[in-house]
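S.K.: using only what follows, build the 3D model:
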Amino acid sequence: MTHTMTADTTDRVTSGSEIPDTPDPDATTWVDARPFRALVCQLVSDTGLPWRVLALIAGVSPATVRALVASGTDQRLRRLGIADAWRLYRLDQQLIDGLRKEPAPCDELRPLLWALGLCGCQPHDLARFVGADVPTVRSLMAGGSGWCSRLTLIRAIAACHAWGIDPTALPRRPTARRRPVADGQRAA
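M.R.: Down below sits the predicted model:
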């Protein structure tokens, strides 16, 4: 897909192939949603990742991507905001592969797995959600050390969204705190 910038893209509907190099968050430009629907469906097919995961990777609202790939033609988006189109346009296999290789702290994954488990997810479902095997999931939940990728973390966040869990509301492991310093003393 090539993209070209035209002089009057700011306030009109453009075709899906006319994407500016950088999005203007205040722009009222719309693009045809069909090429982006095809892109997301192709990535779902090629990667095996759910659309919710692709939405999080791209930084697009899951509700927007859900409407984009909806099965009924009455529910589908006909046009897409330029900022969301720009984010989806940059979503590709190379980015996803990079997230598979990028390490992430397991301490961030653990509360997500526990929240899903407490909502009724079985270990084999958790493993499928995050793309790991059951022994790895159990080890991580038990506090074991292991290697977690950024993609694993994103998959767990997407699973939480699907189950109605707000990942930002979950308790996190406390960070080391400094002791209060009394007047006239130096910090340790």
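S.K.: hey, let's count contacts and neighbours off CA atoms from now on
M.R.: Fine.
S.K.: for Leu80, pull up the helix or strand it's in.
M.R.: Leu80 is part of strand 79-81, with elements assigned from DSSP states H and E.
S.K.: what residues does that strand touch?
M.R.: By CA atoms under 8 Å, 6 or more residues apart in numbering, the residues outside strand 79-81 that reach it are 28-34.
S.K.: go on, stretch 124-141?
M.R.: With CA under 8 Å, 6+ apart as the test, stretch 124-141 has contacts from 106, 110, 113-114, 116-117, 123, 145-146, 152-153, 155-156, 159.
S.K.: give me that answer again for 7 Å
M.R.: Contacts of stretch 124-141 with the rest of the structure, by CA atoms under 7 Å, 6 or more residues apart in numbering, involve 110, 113-114, 123, 146, 152, 155-156, 159.
S.K.: so which of those sits lowest on pLDDT?
M.R.: Comparing pLDDT over the contacts of stretch 124-141 singles out Gly146 as the least confident position, at 77.
S.K.: number of nearby residues for that one?
M.R.: By other CA atoms under 10 Å, the residues close to Gly146 number 11.
S.K.: relative to Pro50, how far out is it?
M.R.: When CA to CA, to the nearest Å is the yardstick, Gly146 and Pro50 sit 24 Å from each other.
S.K.: then Pro103?
M.R.: According to CA to CA, Pro103 and Pro50 sit 21 Å apart.
S.K.: over to Trp163?
M.R.: As for Trp163, its distance to Pro50 is 14 Å (criterion: CA to CA).
S.K.: compare the two (neighbour count), which wins?
M.R.: Pro50 (17 against 14).
S.K.: could I get the phi/psi values of the more buried one?
M.R.: phi -70, psi 160 (degrees, to the nearest 10).
S.K.: quick check: Gly164 vs Ala85, distance?
M.R.: Computed as CA to CA, the Gly164 to Ala85 distance reads 26 Å.
S.K.: actually Trp30, not the one I wrote
M.R.: Here the criterion is CA to CA. By it, Trp30 lies 9 Å from Ala85.
S.K.: for Trp30, give me phi and psi.
M.R.: Torsion angles, degrees, to the nearest 10, at Trp30: phi -120, psi 150.
S.K.: and it, how many neighbours does it have?
M.R.: As a burial measure, the neighbour count of Trp30 was computed by other CA under 10 Å and equals 23.
S.K.: ditto for Lys101
M.R.: Taking other CA under 10 Å as the neighbour definition, Lys101 ends up with a count of 12.
S.K.: residue contacts, the nearest residue to it once chain neighbours are set aside?
M.R.: Leaving aside its sequence neighbours, Lys101 sits nearest to Ser149 (CA to CA, 6 or more residues apart in numbering; 6.1 Å). Ser149 makes contacts with 99-104, as judged by CA under 7 Å, 6+ apart.
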